[in-house]
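Chemist: missing the sequence, but the structure's below:
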């Protein structure tokens, strides 16, 4: 289960996330290169100091908690893979972000500073075997309250879609 929301006060969210997680965040610099595919989404995530990953996923574009179905493969040579995928599929777009990662129980709390868009946050509940969708939604709703995320802050689109919309407006 996951949600994504706009953030108007990143410092306030950062302070609340630190309290809920009880620790400092892990800082990640990520570059997501999206490729044209016929079904779902395919991105190569290049990071500093962490292994790169090829991620295929499907997720509905709706506000509120939603399931995300994905497969991840570790990539040893991201530049070569990027060249091959670019040639075969073409690049749809690139999202660059600084991500602060906090762990709160079984939930990843991301505070993202997205180049060209601003500040956002994501909650990603890592569902345990046997947990129901309703349990995942309850975890999301509880953390939204603790972090003061309002329903009106929720967005239903991926960063890539927001960037592409901005380019075409």
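Modeler: Structure's in. What do you need? Please read these numbers as outputs of a predicted model, since none were measured by experiment. Numbers count the residues shown, from 1 in each chain.

Chemist: how about stretch 71-82: buried residues?
Modeler: Neighbour counts using 16 or more other C-beta atoms under 10 Å place 75, 78, 81-82 of stretch 71-82 among the buried residues. To be clear about C-beta, it is placed using only N, CA and C from the backbone, and glycine gets the same treatment.

Chemist: chain center to the lengthiest strand in the chain: distance?
Modeler: The longest strand of the chain (DSSP state E) is strand 91-104. Chain-centre distance of strand 91-104: 6 Å, with C-alpha atoms, centre = their mean, to the nearest Å.

Chemist: I'd like to know which elements that strand is packed against.
Modeler: helix 10-21, strand 26-35, strand 107-114, helix 159-167 (3 or more C-beta pairs under 8 Å, 6 or more residues apart in numbering; DSSP states H and E).

Chemist: ok, and which of the ones you listed has the densest surroundings?
Modeler: Greatest average neighbour count among these goes to strand 107-114 (a mean of 20), per mean count of other C-beta atoms under 10 Å.

Chemist: show me what contacts residue 94?
Modeler: For residue 94, the contact set (C-beta atoms under 8 Å, 6 or more residues apart in numbering) comprises 31-34.

Chemist: now residue 122
Modeler: Going by C-beta under 8 Å, 6+ apart, residue 122 touches 2-5, 108-110, 112.

Chemist: May I have the phi/psi pair for residue 87?
Modeler: Main-chain torsions, residue 87, degrees, to the nearest 10: phi -70, psi -40.
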